[in-house]
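Asker: Okay, predicted coordinates and the sequence, questions at the end:
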Amino acid sequence: MRKAIHLMLVSAILLAACDDGDIQEKYTYQQEGLKVSIDVEISGTDSWPEGYSVTLSGFENQRNDKDIAEYSEISKQIIPNPNGKTHITLGGIPQSVNYLEIGILNRIRQRYITIWQQEISDDDKNNRDTITYDAGTIKAGMYNYIQTEYFNNSCANCHGLSEGGAAAGLYLTEGKSYAAIVGKQSAKNSTINIVTPKDTANSSLHRILWGNFPEVKHNHTDKLAIDDEKVLIDMWIMNGAKED
């Protein structure tokens, strides 16, 4: 009986020592990943069809360190403020991410279009505070991309910039192209419009680019380098041919 009482007293003393805080926890919580904050004035984010979104995304380098990976490691959809001026915060960015991009991703986080890009320096990666960037003003709409990347680079030389005027009277220069093509009758076939919103089959622009408009004798199928560029124009038409 005395032995049992002695053991109980020893146990009580040990427990009291623990309660007094002599044994301390030796681990602390630390949030992982980088945190960035970006200011941008952005428009046109709602012009993209379902399955595509305007995002702030982080990408790693490929194994050869020369190309950027095709799929994002982390991303956040950009929903702008009504006045367009938007503050975006993205946390938990892995240290392996080397580039931040504002651009278009598809539903499996694969890069479709890059609009703005920022390399993350080693100094930024070592900074425990929030990293801040200013992305300026971005026009993220489908039509703006088509104008700047396709019409300006591949089409406007004949349709608006040449000394002899615009071929077939069609201006595809910036500021004139939208009014010249959307809902406007084709000069080569009065039964069809150049662009009929939500209807590629009845849009001569679609037919011309894919080589299915015999009324136009000049071959336009090679004006855009890859089929994906033609597909983007088709997507724009089918999504309502919005101007933003």
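Answerer: All right, it came through fine. As the structure is a computational prediction, the values presented were derived from the model and not from experiment.
Asker: quick one: what helix or strand has the closest residue to L209 other than its chain neighbours in it?
Answerer: Among residues not flanking L209 along the chain, K230 sits closest, at 4.9 Å (Cβ to Cβ, 6 or more residues apart in numbering). C-betas here are computed from N, CA, C, even on glycine. Taking DSSP states H and E as the criterion, K230 maps to helix 227-238.
Asker: Just the CA atoms of that helix, as CSV, please.
Answerer: This file holds the C-alpha atoms of helix 227-238, laid out as CSV (Å, rounded to 0.1, in the frame of the first residue of the first chain):
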residue,chain,number,x,y,z
ASP,A,227,-4.0,27.2,-87.4
ASP,A,228,-4.3,28.2,-83.8
GLU,A,229,-4.3,31.8,-84.9
LYS,A,230,-7.3,31.1,-87.2
VAL,A,231,-9.0,29.2,-84.5
LEU,A,232,-8.7,32.2,-82.2
ILE,A,233,-10.5,34.4,-84.8
ASP,A,234,-13.2,31.7,-85.1
MET,A,235,-13.5,31.7,-81.3
TRP,A,236,-13.9,35.4,-81.3
ILE,A,237,-16.7,35.3,-83.9
MET,A,238,-18.5,32.5,-82.1
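Asker: quick one: which helix or strand includes G164?
Answerer: Using DSSP H and E, G164 falls outside every helix and strand.
Asker: ok, so what distance separates it from C158?
Answerer: Distance, G164 to C158, using Cβ to Cβ, to the nearest Å: 9 Å.
Asker: before we move on, what about Y52?
Answerer: Y52 is 30 Å from C158, by Cβ to Cβ.
Asker: in this structure, which spans are strands?
Answerer: 34-43, 52-59, 74-77, 85-93, 99-106, 111-119, 131-139 (DSSP state E).
Asker: And the second one, what does it pack against?
Answerer: So the one you mean is strand 52-59. Judged by 3 or more Cβ pairs under 8 Å, 6 or more residues apart in numbering; DSSP states H and E, strand 52-59 is in contact with strand 74-77, strand 85-93, strand 99-106, strand 111-119.
Asker: likewise the last one?
Answerer: Applying 3+ Cβ pairs under 8 Å, 6+ apart, one finds that strand 131-139 makes contact with strand 34-43, strand 99-106, strand 111-119.
Asker: Are there helices or strands packed against the longest one, and which ones?
Answerer: The helices and strands touching strand 34-43, judged by 3+ Cβ pairs under 8 Å, 6+ apart, are strand 85-93, strand 99-106, strand 131-139.
Asker: got the angle for the last one vs strand 34-43?
Answerer: Here strand 131-139 points in a direction 20 degrees away from that of strand 34-43 (axes from the mean of the first three to the mean of the last three Cα atoms, to 10 degrees).
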